[in-house]
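S.K.: Test case, fold it:
(4 chains)
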Protein chains: 4
Amino acid sequence: MYKFLEALENQIRMMKENMDITKIQQVIDALQNAKSVFVLGAGRSGFVAKSFAMRLMHCGFNVYVVGETVTPRIERDDVLIAISGSGETTSVVNISKKAKELIGSRLIAVTSNPGSSIGKMADVVLVVRGKVKTERDEELSKIAPLGTMFELAVMIFLDALIAELMSVRNLTEKDLEDRHAVLE
Amino acid sequence: MYKFLEALENQIRMMKENMDITKIQQVIDALQNAKSVFVLGAGRSGFVAKSFAMRLMHCGFNVYVVGETVTPRIERDDVLIAISGSGETTSVVNISKKAKELIGSRLIAVTSNPGSSIGKMADVVLVVRGKVKTERDEELSKIAPLGTMFELAVMIFLDALIAELMSVRNLTEKDLEDRHAVLE
Amino acid sequence: MYKFLEALENQIRMMKENMDITKIQQVIDALQNAKSVFVLGAGRSGFVAKSFAMRLMHCGFNVYVVGETVTPRIERDDVLIAISGSGETTSVVNISKKAKELIGSRLIAVTSNPGSSIGKMADVVLVVRGKVKTERDEELSKIAPLGTMFELAVMIFLDALIAELMSVRNLTEKDLEDRHAVLE
Amino acid sequence: MYKFLEALENQIRMMKENMDITKIQQVIDALQNAKSVFVLGAGRSGFVAKSFAMRLMHCGFNVYVVGETVTPRIERDDVLIAISGSGETTSVVNISKKAKELIGSRLIAVTSNPGSSIGKMADVVLVVRGKVKTERDEELSKIAPLGTMFELAVMIFLDALIAELMSVRNLTEKDLEDRHAVLE
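M.R.: So this is what the prediction gives:
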């Protein structure tokens, strides 16, 4: 467990060093200007997408999860945030393509692979490294298998983004609590 | 399979004979006057609740499923539709209670048991019979086990209610299609 | 509401007249011989798929919903049941294709369109009519918009199939109840 | 965003310092000896629970999410992992109580509040601190509102636990990949 936590600390250090302020500003602008925000991801990336969507709702955004019950038709003025480590998850690629080509919505890709299908399609690409470069992958794969590091890094990154959005929108914890579901 | 379909035909015949126009009008009024509509159900009744919620969204209602990602805090001006055959499903009872007592929201119970916990709590009780009275239960339990007849009857009833709502709101199939999700 | 219920009665009558015993036997055999059963559907067809999956679990089948948390890799010996009225829902077509071509799993398509993409791919096609032919579509679309009739017909058909499976597997309501979730 | 990442680094440092090896061993034993593992959580804690459940499935555990379609009745030999920061989330408390009192299943509580309802009920309590003690709460609430720090800390902790379980069960990344869903 120590090794895992140290690998994660490396990950966070790297995240701080490589923070791309321009990109982050682009994402904040896209979210602020969107009529509605849609989030999309498969498997554990999907749960990260939902965690982010829930917090966006608490922040007063009009937000939907692709595939959930009350999600309406996406429109041209909406933003789709697609999360995929490889950038090649079939459903994520197909749905992003539809939003981009058929509807003309704005697409933000969160991926560790900017040259991937969704990376190339996106208006803004948020590159989140999933593997710590300085360690050998064989080592890391024993403690953080498959997309673990990517998923954690994205969850952390998007929660950090919420901190920014709260500041931009001038929100307090109380404002978020007022929108938090009580029926649970 | 024939026996099952015949039992269902009996169920629908009974539904036509016992239709309570006053109650249905109360439900339509409650939905039309609500700021937002929340739906709630466990297990298969939950899937029926979600099917109804999706159609309400297509009809232009502001609707949420209790427990889904983007569901906000319920308010006093909102309506909660709770589906439970027995009317005693723990989570459904507890959540309905919270909505009713803590928030003061309007509660519509859909149940086969009007004397149950949610039946007694509700502002409007839609009684949907789950078992065809004229047949012996032992017979029915072999072809329609557990809540099957109740769940089907509610699904049918709520889709019939959508027909009414389309007429009341003057909606065409095209209007619904325009709100239907395309990212799927 | 009466008109809706009458349209549904027509639907059930048609279902009884057109019941294809050979097809139903093929489906029962495929389910009985599968190592695991996977179900798939988008939107309201997805809720119908989940309702069926839950009952299959109650009947002792090893069953999974595509996209849910604990769903493992599908294998060659598994069966995928794909529900799509049009037979052209993007995600359903793509996932069915993957299961069929990449893995070699058995595919059962439930659709109103046997000539569709999933219809042509499937090992067994269960044709469920979504629109009652003798009525004009314009009439029906006002009371049963979009896929309503298809979704209800499939829900009913699959619950009738459960009745058959209970008989084939010699199960009582009590057997199903013993597997029914209590934490809800 | 820097401040958020620094707060998280503090959190991870604290986690390393306070790691309770005996407790962790108890949890590993409970998981290894369980017939099935059930996970439970509301809101964002629920997504963390699902992320963990998915990885447990990849590791070959028989695992279910409370409330999902194919989740069967919990038994005496099963373990329920309940995640709640406050330890007082209504549904989590009620369901844990049912599992513990009615069925007699083993209960592992993951909470920041060991004196809470689920803390007092549990066989093993994993205490995960949600707020970094050395910072003033008012500061933290602006960058990590509501349960953010708890949810992230639990996600990280449970992924670190997966690293341990892979080692105990002698699993490689390839073993996990072989169970990973392909239909997505």
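S.K.: Are stretch A:65-76 and chain D in contact anywhere?
M.R.: No: for stretch A:65-76, no contact with chain D is found by CB under 8 Å from any CB of the partner chain; the gap never falls below 10.8 Å. Glycine gets a C-beta too; all of them are placed from N, C-alpha and C.
S.K.: Any idea how far apart the tips of that stretch sit?
M.R.: 17 Å (CA to CA, to the nearest Å).
S.K.: Chain C contacts on chain A?
M.R.: Within chain A, the positions near chain C by CB under 8 Å from any CB are A:42, A:67, A:90-91, A:94-95, A:98.
S.K.: Helices - which of these land there?
M.R.: A:90-91, A:94-95 (DSSP state H).
S.K.: out of those residues, who's nearest chain B?
M.R.: Chain B lies nearest to residue A:95 out of those, by CB to the nearest CB, at 4.8 Å.
S.K.: excluding its backbone neighbours, what's nearest the closest one?
M.R.: Leaving aside its sequence neighbours, residue A:95 sits nearest to residue B:183 (CB to CB, 6 or more residues apart in numbering or on different chains; 4.8 Å).
S.K.: How about the secondary structure of that neighbour?
M.R.: Secondary structure, DSSP: H, G, I helix; E, B strand; the rest coil: residue B:183 is coil.
S.K.: just checking, it touches residue A:98?
M.R.: Yes: if you go by CB atoms under 8 Å, residue B:183 and residue A:98 touch, sitting 6.0 Å apart.
S.K.: If you count surrounding residues, which of those two has more?
M.R.: Taking neighbours as other CB atoms under 10 Å in any protein chain shown, residue B:183 and residue A:98 compare with residue B:183 leading, 24 against 17.
S.K.: Relative to residue A:105, how far out is the more buried one?
M.R.: 9 Å (CB to CB, to the nearest Å).
S.K.: how far is the one helix or strand in chain A whose mean pLDDT sits lowest from where the chain is centred?
M.R.: Ranking every helix and strand in chain A by mean pLDDT, DSSP states H and E puts helix A:137-143 at the bottom, with a mean of 86. Centroid displacement of helix A:137-143 relative to its chain, using CA atoms, centre = their mean, to the nearest Å, is 24 Å.
S.K.: OK, contacts around the residue nearest to residue A:95?
M.R.: Taking CB atoms under 8 Å, 6 or more residues apart in numbering or on different chains, we find residue B:183 in contact with A:38, A:40, A:66-67, A:71, A:74, A:80, A:95, A:98-99.
S.K.: Now the common contact residues for residue B:183 and residue A:105.
M.R.: Counting by CB under 8 Å, 6+ apart, the contacts common to residue B:183 and residue A:105 are A:38, A:74, A:80, A:99.
S.K.: Secondary structure element holding the second one?
M.R.: Under the criterion of DSSP states H and E, residue A:74 resides outside all helices and strands.
S.K.: okay but it is in contact with residue A:82, surely?
M.R.: No: counting by CB under 8 Å, residue A:74 sits too far from residue A:82 to count as a contact (11.8 Å).
S.K.: higher neighbour count, the two?
M.R.: Under the criterion of other CB under 10 Å, the comparison of residue A:74 against residue A:82 puts residue A:82 first, with 30 against 25.
S.K.: Would you tell me what the next helix or strand after the helix ranked longest in chain A is?
M.R.: With secondary structure taken from DSSP H, chain A has its longest helix at helix A:148-168. Later in the chain than helix A:148-168, the nearest helix or strand by DSSP H and E is helix A:173-179.
S.K.: For that next one, buried residues please.
M.R.: Using 16 or more other CB atoms under 10 Å in any protein chain shown as the test for burial, helix A:173-179 gives A:173, A:176.
S.K.: and if you look at stretch A:55-64?
M.R.: By neighbour count on 16+ other CB under 10 Å, the buried set for stretch A:55-64 is A:55-59, A:61, A:63-64.
S.K.: for stretch A:106-125, same thing?
M.R.: Applying 16+ other CB under 10 Å to stretch A:106-125 flags A:106-113, A:116-119, A:121-122, A:124-125 as buried.
S.K.: These in helices, which ones?
M.R.: Within the buried residues of stretch A:106-125, residues falling in helices by DSSP H are A:117-119, A:121.
S.K.: Which one of those is nearest to residue C:18?
M.R.: residue A:117 (43.3 Å; CB to CB).
S.K.: How about the contacts made by that closest one?
M.R.: For residue A:117, the contact set (CB under 8 Å, 6+ apart) comprises A:87-88, A:93.
S.K.: most neighbours, which of the residues you listed?
M.R.: Ranking the contacts of residue A:117 using other CB under 10 Å puts residue A:87 first, with 26 neighbours.
S.K.: Max pairwise distance over the residues of chain A next to chain C: which two?
M.R.: A:42 and A:98 (15.3 Å).
S.K.: quick one: residue A:93 and residue C:90, what's the gap?
M.R.: The value you get for residue A:93 to residue C:90, if CB to CB is used, is 11 Å.
S.K.: try residue A:39
M.R.: Look at residue A:39 and residue C:90: by CB to CB, they are 18 Å apart.
S.K.: The two - which one has more neighbours?
M.R.: Per other CB under 10 Å, whichever of residue A:39 and residue C:90 has more neighbours is residue A:39, with 30 against 18.
S.K.: for the residue nearest to the more buried one when sequence neighbours are not counted, what are its contacts?
M.R.: Nearest residue to residue A:39, sequence neighbours excluded (CB to CB, 6+ apart): residue A:49, at 4.1 Å. By CB under 8 Å, 6+ apart, the residues touching residue A:49 are A:39-41, A:65, A:81, A:83.
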